[in-house]
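1. here is my input, please return the structure:
(2 chains)
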Amino acid sequence: MSTAARRRLMRDFKRMQTDPPAGVSASPIADNVMTWNAVIIGPADTPFEDGTFRLVMHFEEAYPNKPPGVKFISQMFHPNVYGTGELCLDILQNRWSPTYDVAAILTSIQSLLNDPNTSSPANVEASNLYKDNRREYTKRVRETVEKSWED
Amino acid sequence: MDSDDDFNSSQMSDDEFMGGQDSDDSLGDDSDYQDDVGFESQDKDIKPTKHAYEVDFKVFNPADIQSHQDKQVSEVSNILGQAPEATAILLRHLRWNKERLIDQYMEKTDEVLESAGLGETAQTHPPRIEKVPGFACDICCEDGPDLDTFAMKCGHRFCVDCYQQYLQTKIKDEGEAARIRCPGDACNRIVDSKSLDLLVSGRLKDRYQELLTRTYVDDKENLRWCPAPNCVYAIECSVKDKELKRIVPTVHCECGHYFCFGCSLNDHQPAPCSLVKKWLKKCADDSETANWISANTKECPKCASTIEKNGGCNHMTCRKCRNEFCWMCMGVWSEHGTSWYNCNRFEEKSGFEARDAQAKSRQSLERYLHYYNRYANHEQSAKLDKDIYLKTEKKMTQLQNTTGMSWIEVQFMDSASQALQQCRQTLKWTYAFAYYLARNNLTEIFEDNQKDLEMAVENLSEMFEKPIDQLKGLKVEMMDKTAYCNKRRIILLDDTAENLKSGNWEFNVQIV
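-> Alright, predicted model coming up:
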């Protein structure tokens, strides 16, 4: 069955393969193009460096008019990521544009990692440590990086 | 109300004539704007003196609202020298605050245009659908020379299918209208109505217009939708939020619904909005259950089971843990020695305090229940009266048939039924109001007024229930009683509203 959403997702997939952005990768799960697994590599020179953070993306038929649901599977310690792995990112909510694709979403999340927004934190502890005790923050982030290699 | 000649205005009562009043400042700014909205001014010549509890208001139908918008847009458009479409966007952007828009526009034109999504007006040709060679849509990735495409002045070009899909999602699913942005990445440009006209049609467009009108009423502080189901009217009233502790602005919509302009709830005169909110919350929550528990029960000092004592002596044995204790002092029973049935530690301080607290909560509960029962009683009766209202017509027909009276001659039944409804509604809220009143002379006057109205209502209600064959003989009396009820209601409302306005009431809670 080929709907607009599926066609577009196939195009996104093709783009991920032919022109993959640095440090991210993603592909649909075996039997359903509407659900994707993705990995973001923690950017160099940040506390997240070398982490392999896994995510899952759920697309609706309204895609790309509506953003997909994106969630971290790996444990995260970041001011804008909830304990459940859900994340708070403007382009995944009110600033969504139908021109965004999987590559754009993942690179946005990747840049969010080292550039958190502490004004409306999803994880208050991470946000406070980020502001007041960067060393402890880095330490806690490194723990999640090491954990990300295990799963 | 007490003559037969108002048979054609079955929904009317005295205070509704006020709706036709034109007050000069009701729109605040422009006076010439009022003249074309000669809406429901039919009663201008029979303007009765205004009662203290009445407020000025006007009812607008959808066409009125639309013409208001258009008028404002064209006015501002002349001042700013902008096209009407752009002006409409600017006005919506600044929530229909004309003065603020003109000020800001004069001061920093570019900034205002940019923030409203109208920046970069470089290209001057109007938006149109076109085929562009070598185009590939960024949303669906289709390409081809035959593809219809569209872009606003911002130049973000997409295929028409995608644009339409996008607009449909925004309008239908998200209910957006005035602030739909260009689908382009991080583009702030608002989709203007001319572009929208090109792209959507039929029901979607109607829905868009509806939503736009909605934002006009929603954004204007002095406009409010009538909350009645399926009602399309909006009411204009100049009462501001901060005046609500002094005024209870009940308005009457064309559809027949009476509601409070301040909080959109059903008419709740004489109680001000904040008390109504408190009262409804109190009635809905469990606070009185807790009060009942603390007034009527104690906890076993050992296992803390809740116990209600329904008789017998002070020697309690807990059903659950078999603990034996004294109901008076809550101490263990074995310490009471031989003075069975008589606690000799009766005057102990802790026991005294416990009883004091219990008495207090019992008293407060009784007070609440006193008012609540009467409130609920009138609410219930008003519901029953509503059934009666439906039966009234039947009764009126029967009366016509059995007595040979004409339809006009039996209208007194209808008047009576309406008076009953309205008075019960008022009475209901007098009890909520009274609950929060501190005791003083004013309160006593209020209670006298309340009593008078209540008696008048009960008398009328009783008469109303009489069998058909007696009704003809009661006609004059019933008309008198109806008039009396209405008069008592007005007196009560007048008195409360006047004292509210001048801040004479003392409440036992803080009203904000």
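2. contacting residues around the residue nearest the centre of chain A?
-> Nearest to the mean C-alpha position of chain A, by C-alpha atoms, centre = their mean, lies A:Ile109 at 4.4 Å. When contacts are counted by C-beta atoms under 8 Å, 6 or more residues apart in numbering or on different chains, A:Ile109 touches A:40, A:55, A:70, A:87, A:89. Yep, even glycine has a C-beta here, placed from its N, CA and C like the rest.
3. check which helix or strand covers it.
-> helix A:102-114 (DSSP states H and E).
4. same thing with B:Glu498?
-> Element membership for B:Glu498 (DSSP H and E) is helix B:468-501.
5. run through the neighbouring helices and strands of the lengthiest helix in chain A.
-> In chain A, ranked by residue count with DSSP state H as the criterion, the top helix is helix A:134-150. Helix A:134-150 sits against strand A:52-58, helix A:124-132, with contacts defined as 3 or more C-beta pairs under 8 Å, 6 or more residues apart in numbering or on different chains; DSSP states H and E.
6. can you lay out those as JSON lines showing mean neighbour count and mean pLDDT?
-> JSON lines is the format used below for those (neighbours: other C-beta atoms under 10 Å in any protein chain shown; pLDDT from 0 to 100):
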{"stretch": "strand A:52-58", "mean neighbour count": "18", "mean pLDDT": "94"}
{"stretch": "helix A:124-132", "mean neighbour count": "16", "mean pLDDT": "90"}
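7. export these to JSON lines and tack on distance to B:Gln421?
-> Shown next, in JSON lines, are those (distance: least, C-beta to C-beta, whole Å):
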{"stretch": "strand A:52-58", "distance to B:Gln421": "53"}
{"stretch": "helix A:124-132", "distance to B:Gln421": "54"}
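8. re the thing from before, let's see if you can find the most crowded of the contacts of A:Ile109.
-> When neighbours are counted by other C-beta atoms under 10 Å in any protein chain shown, A:Ile40 leads the contacts of A:Ile109 with 24 neighbours.
9. give the contact list for it.
-> A:23-24, A:52-53, A:55, A:106, A:109-110, A:113.
10. centroid residue for chain B?
-> Among the residues of chain B, B:Ser264 comes closest to the average C-alpha position under C-alpha atoms, centre = their mean, at 1.4 Å.
11. right, and the helix or strand after the helix or strand bottoming out on mean pLDDT in chain B?
-> Using mean pLDDT, DSSP states H and E, the weakest-scoring helix or strand in chain B turns out to be helix B:32-35, at a mean of 43. Using DSSP H and E, the helix or strand that follows helix B:32-35 in sequence is strand B:57-60.
12. and chain B, what are its domains?
-> For chain B, automatic domain parsing gives the domain ranges B:130-200, B:276-286+B:371-501, B:297-357.
13. among these, which gets the worst mean confidence?
-> With a mean of 70, domain B:297-357 has the lowest mean pLDDT of the domains of chain B.
14. can you name the residue of the stretch 151-300 of chain B nearest to chain A?
-> The stretch 151-300 of chain B approaches chain A most closely through B:Thr169 (4.1 Å), counting by C-beta to the nearest C-beta.
15. partners of the longest strand along chain A, with directions?
-> Counting by DSSP state E, the longest strand found in chain A is strand A:32-41. Next to strand A:32-41 in the sheet, as set by DSSP bridges, lie strand A:24-29 (antiparallel), strand A:52-58 (antiparallel).
16. which residues of chain A lie near chain B?
-> A:4, A:7-8, A:11, A:62, A:64-66, A:95, A:97-100, A:104 (C-beta under 8 Å from any C-beta of the partner chain).
17. what subset of those is buried?
-> Listed as buried from these are A:4, A:8, A:11, A:62, A:64-66, A:97-100, A:104; burial here means 16 or more other C-beta atoms under 10 Å in any protein chain shown.
18. out of these, which one has the lowest pLDDT?
-> Out of these, that is A:Ala4, at 83.
19. just checking, that one touches B:Thr169?
-> No - contact between A:Ala4 and B:Thr169 fails when scored by C-beta atoms under 8 Å: they sit 11.7 Å apart.
20. who is the nearest residue to A:Trp36 once chain neighbours are set aside paired with across the strands?
-> With C-beta to C-beta, 6 or more residues apart in numbering or on different chains as the criterion, A:Trp36 has its nearest non-adjacent residue at 4.3 Å, and that residue is A:Met57. Beta bridges link A:Met57 to A:Trp36, A:Val70 when assigned by DSSP bridges.
21. and A:Met57, how far from A:Asp101?
-> Distance of A:Met57 to A:Asp101, computed by C-beta to C-beta, to the nearest Å: 11 Å.
22. just B:Cys141 next, same as before
-> B:Cys141 is 9 Å from A:Asp101, by C-beta to C-beta.
23. overlap in contacts, the two.
-> Residues touching both B:Cys141 and A:Asp101 comprise A:8, A:11, with contact defined as C-beta under 8 Å, 6+ apart.
24. pLDDT value on the residue nearest to the centre of chain A, please?
-> So A:Ile109 comes in at 93 (pLDDT).
25. how about stretch B:193-202 as PDB, C-alpha atoms only?
-> What follows is stretch B:193-202 as a C-alpha-only set of coordinates in PDB (Å, rounded to 0.1, in the frame of the first residue of the first chain):
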ATOM      1  CA  SER B 193      -6.700  35.000   3.000                       C
ATOM      2  CA  LYS B 194      -6.100  35.700  -0.600                       C
ATOM      3  CA  SER B 195      -3.600  32.800  -0.900                       C
ATOM      4  CA  LEU B 196      -6.000  30.700   1.000                       C
ATOM      5  CA  ASP B 197      -8.800  31.500  -1.400                       C
ATOM      6  CA  LEU B 198      -6.600  30.200  -4.200                       C
ATOM      7  CA  LEU B 199      -5.800  26.900  -2.500                       C
ATOM      8  CA  VAL B 200      -8.900  25.700  -0.500                       C
ATOM      9  CA  SER B 201     -12.500  25.700  -1.300                       C
ATOM     10  CA  GLY B 202     -15.900  24.500  -0.100                       C
END
